[in-house]
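> Show me how the following folds:
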Amino acid sequence: MEIMDVIKYNGRPDVFAWKYPGEELGTWSQLVVNQSQEAVLVKGGSVADVFGPGTHTLDTKNIPILNKIINLPFGGKSPFKAEVWYINKGYYLDIKWGTPTPIQIQDPKYGIFIPIRSNGAFGIHVTDSVKFLTKLVTTMNVFDAETVTKYFRSLYVTKIKDTISSYLLHRKISILEMNAYIDEISQYMKETICPIMEEYGLELTSFYVNEISTPEDDPSVEKLKEALSKRAEMEIIGYNYQQERSFDTLENAVSHGNADAGSVMGAGMGLGMGFGVGREMGNQFSSMAQNIDLRGGYRKSKFCPQCGNEVLADAKFCSECGSRLISKERHCPQCGTALEGNQRFCPECGKRLEGEEI
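Here you go, the predicted structure:
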């Protein structure tokens, strides 16, 4: 085979690692390395040397290890076989990533599992050519942006799932609220993935989450959105779920007669506590509950002459101040007519009442 006199890069600009197609080299061959590149000479599966930007002659003066791996004939020149890898160390800032299938994540706020999709972009550049070549490239001839995405797909999908789950749990937010925290999540994920990339000789210069979405037709998503919509409606009206159920209990008790006064009283107290005026509101509903007839109507009531508290018509004592509500009545001894106050004559028969036993 023809021995290469000049070796130079002929790969695409989006390639991280490119293997020169020929392996027949000589101690007189010229190796041309462009700016933001390094060339790695590999002999027998081991790295022989690394060359920075410039033009280099592959002789024993520049590569002392050649003295051990080749036999120099007379004249000091000799052909030899070796691989030349070009490593582009420029910055690549728009490598796309995305989850190929939805990831199941438990919503830390509501406890249900929801499928999510996510996508974005990241930027990297090679910091250690030898580590990058030996750990990632191995036997491939070309290692480009598409290869990076495929190679690290399982890594970022796993890390995205773990990172989002831990972030949501730490911040105590719902999956449906995540897009408001995109920037924070992006930074959080970069800090998580960066140490792993360093193990392969790469620096993660940026990591962006463009979108975190949920399938609109998923049953769990529909159920959660319906619940959140209901909660928002309650907040606008000014009461919560417990208070709504209390209203339902009162309504059923009054309209259908299918609950006792005790349960209605409890509902009233619940409403009072919910609105922050527990005692006053609770007492009002308790009074209402006492007056509810189990057959669906209301009992007759009266008011205490001492404190004004409303009590049942047949109550003997006030439930608020304890005053006696049934006074001793006077009757005319002759005709039995009920008397009021200190009347001296019966208004019915005219009998004189003074001195009479009443």
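
> C-alpha only now, for contacts and for neighbours.
Fine.

> And the helices in the protein, which stretches?
Here the chain has its helices, by DSSP state H, at 66-69, 129-132, 145-151, 153-171, 182-198, 219-237, 241-256, 261-274, 278-290.

> Tell me the helices and strands packed up against the fourth one.
Spelled out, it's helix 153-171. In terms of contacts (3 or more Cα pairs under 8 Å, 6 or more residues apart in numbering; DSSP states H and E), helix 153-171 is packed against strand 103-106, helix 182-198.

> list the contacts for residue 34?
Neighbour list for residue 34: 9, 53-54 [criterion: Cα atoms under 8 Å, 6 or more residues apart in numbering].

> which of the residues you listed count as buried?
Using 16 or more other Cα atoms under 10 Å as the burial test, the contacts of residue 34 include residue 9 as buried.

> For residue 145, state which of the contacts of residue 34 is nearest.
Proximity of the contacts of residue 34 to residue 145 (Cα to Cα) peaks at residue 9, which lies at 17.5 Å.

> any idea how far that closest one is from residue 122?
Residue 9 sits 26 Å away from residue 122, going by Cα to Cα, to the nearest Å.

> where does the chain dip in pLDDT?
1-4, 60-77, 139, 234, 237-299, 326-329, 341, 354-358 (pLDDT under 70).

> quick one, domains of it?
Taking automatic domain parsing as the reference, the chain has its domains at 6-88, 92-215, 222-311.

> Tabulate these (JSON lines), appending distance to residue 320.
Output for those, formatted as JSON lines (distance: least, Cα to Cα, whole Å):
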{"stretch": "domain 6-88", "distance to residue 320": "87"}
{"stretch": "domain 92-215", "distance to residue 320": "45"}
{"stretch": "domain 222-311", "distance to residue 320": "7"}
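
> Was I right to think residue 132 contacts residue 200?
Yes - using Cα atoms under 8 Å, residue 132 is in contact with residue 200, at 5.1 Å.

> so what's in contact with those two at the same time?
Residues touching both residue 132 and residue 200 by Cα under 8 Å, 6+ apart: none at all.

> Leaving out chain neighbours, which residue sits closest to residue 27?
Residue nearest to residue 27 in three dimensions, not counting chain neighbours: residue 59, with 4.3 Å by Cα to Cα, 6 or more residues apart in numbering.

> Identify, from the contacts of residue 34, the entry nearest to residue 325.
Closest approach to residue 325 among those (Cα to Cα): residue 53, at 108.2 Å.

> Apart from its neighbours in sequence, what residue is nearest that closest one?
Using Cα to Cα, 6+ apart and skipping the chain neighbours, the partner closest in space to residue 53 is residue 33 (4.7 Å).

> Same question for residue 149.
The shortest distance from residue 149 to any non-neighbouring residue, by Cα to Cα, 6+ apart, is to residue 97 (6.5 Å).

> these two touch, right, the one you found and residue 117?
No - applying Cα under 8 Å, one finds residue 97 not in contact with residue 117, separated by 11.3 Å.

> For those two, work out which one has more neighbours and name it.
residue 97 (23 against 16; other Cα atoms under 10 Å).

> Against residue 146, how distant is the more buried one?
With the distance defined as Cα to Cα, residue 97 ends up 10 Å from residue 146.

> now for the domains of the chain, which one comes closest to residue 325?
It is, among the domains of the chain and with distance given as Cα to Cα, domain 222-311, at 6.8 Å.

> measure the closest one end to end?
50 Å.

> Then stretch 23-43?
Per Cα to Cα, stretch 23-43 runs 10 Å from first to last residue.

> So for it, what gets flagged as buried?
Neighbour-count burial for stretch 23-43, counted by 16+ other Cα under 10 Å, picks out 23-33, 37-43.

> From those, which land in strands?
Among the buried residues of stretch 23-43, DSSP state E puts 24-26, 30-33, 37-43 in strands.

> I'd like to know which of those is nearest to residue 89.
Looking across those and measuring by Cα to Cα, the closest to residue 89 is residue 37, at 5.5 Å.

> Just grab the bridge partners of that closest one for me.
On the basis of DSSP bridges, residue 37 is bridged to residue 88.

> The residue nearest to residue 53 is in contact with residue 9, isn't it?
Yes - Residue 33 lies in contact with residue 9 (Cα under 8 Å); the separation is 7.3 Å.

> which neighbours do these two share?
Shared contacts of residue 33 and residue 9 (Cα under 8 Å, 6+ apart): residue 86.

> Could you pull up the residues touching residue 311?
Contacts for residue 311 (Cα under 8 Å, 6+ apart) come out as 287, 301-304, 318-319.

> Closest one of those to residue 349?
Set against residue 349, the nearest of those by Cα to Cα is residue 302 (31.1 Å).

> Tell me who's in contact with the nearest residue to residue 26 once chain neighbours are set aside.
Of all residues not flanking residue 26 in the chain, residue 79 sits nearest, at 4.0 Å (Cα to Cα, 6+ apart). The contact partners of residue 79, by Cα under 8 Å, 6+ apart, come to 3, 24-27.
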